[in-house]
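[1] Predicted model follows, preceded by the sequence.
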Amino acid sequence: MSQHFVQVQQASKRFPQGRGQDDLTVFENVNFNLEKGEFVCIIGHSGCGKSTILNALAGLDQFTDGGLIMEGHEVTGPGLERGVVFQNYSLLPWLTALENVKFGVRARWKEWPPAQVDEHSRDYLSMVGLDDVIDRKPSQLSGGMRQRVSIARTFATKPKLLLLDEPFGALDALTRGVIQDELIKIWGRDRQTVFMITHDVDEAILLADRILLMTNGPEARIAEAVEIDLPRPRSRAEVVKHPHYYRIRNYLIDFLVNRSSTLRTADIDGRGLSYPQSINPARADADSPTPDEGDPANHKLVNFTPKETHHG
Amino acid sequence: MDRTTTEWNLSLNMRATLVALVLLVVGLGLWEGLNQVPSGGNTAEMTEYEKLMGGVEDTARVPPPSDVIERAWQELSNPFYDAGPNDKGIGIQLGYSLYRVLTGYLLAAAVAIPVGFLIGMSPLMYRALNPFIQVLKPISPLAWMPLALFIIRDSEASAIFVIFICSIWPMLINTAFGVAGVREDWVNVARTHELSPLKTAFKVILPAAAPTILTGMRISIGIAWLVIVAAEMLVGGTGIGYYVWNEWNNLDLTSVIFSILMIGVVGMLLDMCLATVSRLVTYEE
C-alpha cells in the first residue's frame, strides 16, 4: 500500500473553541491517495476545508490529526518538490513577470548560470503566451496574465506535485477558458501530479482524472471519488460532445446541490478507515447502482451554470 | 471648469508657478517697503537719545530682502573661505552640519533597521522592547545633551549622538511596522521555494517593507536636520546652528536671515534625495 505517490490518512482539522465548548471540527476522517501523474480535482462548498487540505499538502498548514506521506516520507514543511499556484497569484509586485519566474527557477536550481535561468524562464513564459509582456510589473498586467505568470513560475520549477488553489476563481469565463487550455498544454509536457481546488464543475471535468467530492462543513468528509475517463487530450470544444459528459456533470451537480448537505457523516464513517468510494457515473447504469436512491445521472439535464455552485 | 482650461490654456503646474511667483513678489515687496529707513533729514527734530544713537530709529529694523540677497550673493560666491574660528564660509558651516547629521543618521539606520527587522519578525521581541521604545521615544533629543557631554566628553561626538538618538525612532518603528505587515502570501512564496531565512529577509521581506522603511528614513532625516541646528547652538564651534547663533551675537540680522534660508534649502534637498530613493523602491500592488 505504500506504493502510492501521496497518501493522506485519517486527516482532520479542528479549531479550539471557548472554554467548555467542543472543538470546531472542520473536517475529519479524510483519506485519499494520489497516484503519480494523476490530475485530481477536489470540489466542495466553501468552509469544508479544501484549502486547508491543499495547504497541508503544500506544508504551509498542518492537519490536527492524521498523516501525510509523499513518496514514503512524511511531509513536515514546504518544499520545492511541491509547487503551489495561489488563488491570488502571489506574485512579488516589485519584480517584473520575468523576474518573478526567475525567482522560482533560481531557487530551484541554484547552480545554474544566469543565462540558463533566463532562457528557462522565458521558455515557460512563452508557453503561457506572455512573450510580449515579460518586462512588466504585475500591477501592469491583467488578472489573467498575472495568473499565467504564476502558473509559469510554478511549472518552471518542475515540482513533482502541483497544488492549484482555485487558480481561475477570480477570472472571467472567457479568460478562464483560454488559461485552462494553456494549463492542459503545459501540464501535458511533463505530466506532473496535480491536486487542484475548483468550484467549477466543467473545469473539473475538463481537467481531472478523478474528482474528490466533499460534503459540507463543519465535520466535512470526502464522500466520493468520481472517475473521469473521458479520452485525453481533452479540449473545451470537444469534451462537451462526449456522450458521457453531461451524465458526469449532472452527477456532480446533483452532489453539490443536494447530496453534499444531506449525506450523513455516519454513513461515510461507518466504513472505518476507508477511502472514498470510487464512482464512475458513465458506467453507473451497467454496474452497481449509486448509494442514493435512483440514479441521479438519469435525471433530466439541469441547466446549472458553474456560478450557482458557489455558496457562502 | 472647462471654460477655465480653454480660456487660460495653461497647465495646472504653470498656473501654480505663476501664483507662487506672484506671492513671492508681493511678499518681498511688502517686506522691502515696510522696512525702509524713514528719511531723517531733519536732525533738529531728533531727541537727544536719537542723536546719541545716530538715527531716528528707536527700534531695530529687520533688514530688507535686498540686503539679504546682496549678502547671499557675497556668501555664495565664496562659500568655502576660512578666516579663523569665527569667520568661515557658509559652505564650510553647512558641511560640518551635514557631516554630523549624516554620521548620526547612518549610525541610527545601522542600528534601527536590523533591530526593527527583529521586532517586526518576532512578536516576543516586539512585546519585550515595546516599553523601552515607548519611554525613550518621547524624550527630546536635546535632553540627552548633558548626559552625552558627560559620558562622551567630546562636544563633536555628543552632537552626533543627539542626531543618532533623534533619528533612530521613526526608522525603528517604521521598519518594525513594515516588516510585520509583509503579506503572508509573499512569505509563503518564499517558504514554498525553500528560501533560507537570510534570503527570505533580503529577497522578500526587505523589498516588501522597503517603502515603509523609507518613509521612516525620510521622517528621520527631517527631524535630524531640525535638531542639528539646536544642537550646534548648544555645542558651538562649527556648523550652521553655531553660525546662526554667532551672527545673532554679532547682531548681523542679514546673515541670520540668510542662514535661515540656507537651512531650509538644505533640508529640502535632503528630503528630495530620500524622496527619490523612496520612489525607486515603491511598488504598486
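    Cool, the structure landed.
[2] Run through chain A and note the low-pLDDT ranges.
    Applying pLDDT under 70 to chain A flags the ranges A:1-2, A:264-275, A:283-312.
[3] ranges for the helices of it?
    A:50-58, A:97-108, A:114-127, A:143-156, A:173-190, A:201-207, A:236-239, A:245-254, A:260-262, A:265-269 (DSSP state H).
[4] Kindly report the residues of chain B close to chain A.
    Residues of chain B lying close to chain A (C-beta under 8 Å from any C-beta of the partner chain) are B:185-186, B:188-189, B:191-195, B:203-204, B:207-208, B:210, B:281, B:283-285. Backbone N, C-alpha and C define where each C-beta goes, glycine included.
[5] related to what we said a few turns ago, could you say which one of the helices of chain A comes nearest to chain B?
    Closest to chain B of these, according to C-beta to the nearest C-beta: helix A:97-108, at 3.9 Å.
[6] list the helices and strands that closest one packs on?
    helix A:114-127, helix A:143-156 (3 or more C-beta pairs under 8 Å, 6 or more residues apart in numbering or on different chains; DSSP states H and E).
[7] roughly how far out does it sit from the chain middle?
    23 Å (C-alpha atoms, centre = their mean, to the nearest Å).
[8] Could you do stretch A:14-21 as well?
    The answer for stretch A:14-21 is 30 Å, by C-alpha atoms, centre = their mean.
[9] Show me what from the stretch 101-250 of chain A comes close to chain B.
    Counting by C-beta under 8 Å from any C-beta, the stretch 101-250 of chain A sits next to chain B at A:103-104, A:107-108, A:137, A:139, A:157.
[10] Tell me, what's the model's pLDDT at B:Tyr242?
    For B:Tyr242, the pLDDT comes out at 93.
[11] residue ranges for the helices of the stretch 101-250 of chain B, please.
    With DSSP state H, counting those that start in this stretch, the ranges of helices along the stretch 101-250 of chain B come out as B:123-136, B:145-152, B:155-180, B:184-192, B:197-200, B:206-235, B:240-249.
[12] Spatially central residue for chain A, please.
    Closest residue to the average C-alpha location of chain A: A:Met196 at 0.8 Å, with C-alpha atoms, centre = their mean.
[13] So that residue is in contact with A:Gly169, correct?
    No: using C-beta atoms under 8 Å, A:Met196 makes no contact with A:Gly169, being 11.1 Å away.
[14] got a list of what the residue nearest to the centre of chain A touches?
    Contact analysis of A:Met196 by C-beta atoms under 8 Å, 6 or more residues apart in numbering or on different chains lists A:39-42, A:162-167, A:204, A:207-208.
[15] Which members of those occur in strands, if any?
    Secondary structure defined by DSSP state E assigns A:39-42, A:162-165 of these to strands.
[16] okay, those residues in JSON lines with neighbour count next?
    Listed next are the ones in strands among the contacts of A:Met196 as JSON lines, based on neighbours: other C-beta atoms under 10 Å in any protein chain shown:
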{"residue": "A:Phe39", "neighbour count": "24"}
{"residue": "A:Val40", "neighbour count": "21"}
{"residue": "A:Cys41", "neighbour count": "26"}
{"residue": "A:Ile42", "neighbour count": "25"}
{"residue": "A:Leu162", "neighbour count": "23"}
{"residue": "A:Leu163", "neighbour count": "26"}
{"residue": "A:Leu164", "neighbour count": "24"}
{"residue": "A:Asp165", "neighbour count": "20"}
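[17] List just the nearest of these to chain B.
    Distances from chain B to these, taken by C-beta to the nearest C-beta, are shortest for A:Leu163, at 8.9 Å.
[18] If that closest one is in a bridge, with which residues?
    Under DSSP bridges, the beta-bridge partners of A:Leu163 are A:Val84, A:Phe195.
[19] what sits against it?
    Contacts of A:Leu163 (C-beta under 8 Å, 6+ apart): A:54, A:57-58, A:82-85, A:194-196.
[20] what's the burial count for B:Ile133?
    As a burial measure, B:Ile133 scores 16 neighbours (other C-beta atoms under 10 Å in any protein chain shown).
[21] isn't it right next to B:Met171, touching?
    No: between B:Ile133 and B:Met171 there is no contact under C-beta under 8 Å: 11.8 Å.
[22] Compute the distance between B:Leu214 and chain A, please.
    13 Å (C-beta to the nearest C-beta, to the nearest Å).
[23] residues touching that residue, list them.
    Per C-beta under 8 Å, 6+ apart, neighbours of B:Leu214: B:274, B:277-278, B:281-282.
[24] at 6 Å instead, please
    Shown in contact with B:Leu214 (C-beta atoms under 6 Å, 6 or more residues apart in numbering or on different chains): B:278, B:281.
[25] same question, the one 4 residues further on
    Contact partners of B:Arg218, counting by C-beta under 6 Å, 6+ apart, are B:Leu274.
[26] follow-up on the earlier one: A:Thr175: which of the residues of the stretch 101-250 of chain A next to chain B is nearest?
    A:Ser139 (17.7 Å; C-beta to C-beta).
[27] so how far is chain B from A:Trp94?
    4 Å.
[28] Once you drop chain neighbours, what's closest to that residue?
    For A:Trp94, ignoring the flanking residues on the chain, the nearest one in space by C-beta to C-beta, 6 or more residues apart in numbering or on different chains is B:Tyr283 at 3.9 Å.
[29] Touching, B:Tyr105 and B:Trp225? I think so.
    No: counting by C-beta atoms under 6 Å, B:Tyr105 does not reach B:Trp225; the two are 9.1 Å apart.
[30] quick one: which of those two has more around it?
    Using other C-beta under 10 Å, the more surrounded residue of B:Tyr105 and B:Trp225 is B:Tyr105, with 27 against 24.
[31] quick one, what contacts the more buried one?
    By C-beta under 6 Å, 6+ apart, the neighbours of B:Tyr105 are B:167, B:224.
[32] and which of the residues of the stretch 101-250 of chain A next to chain B is nearest to A:Trp94?
    A:Lys137 (7.5 Å).
[33] ok, now how distant is the nearest residue to the closest one once chain neighbours are set aside from B:Val281?
    Nearest residue to A:Lys137, sequence neighbours excluded (C-beta to C-beta, 6+ apart): A:Thr96, at 5.7 Å. To B:Val281, A:Thr96 is 15 Å away according to C-beta to C-beta, to the nearest Å.
[34] I'd like the distance between B:Trp245 and B:Asp252.
    In terms of C-beta to C-beta, B:Trp245 sits 11 Å off from B:Asp252.
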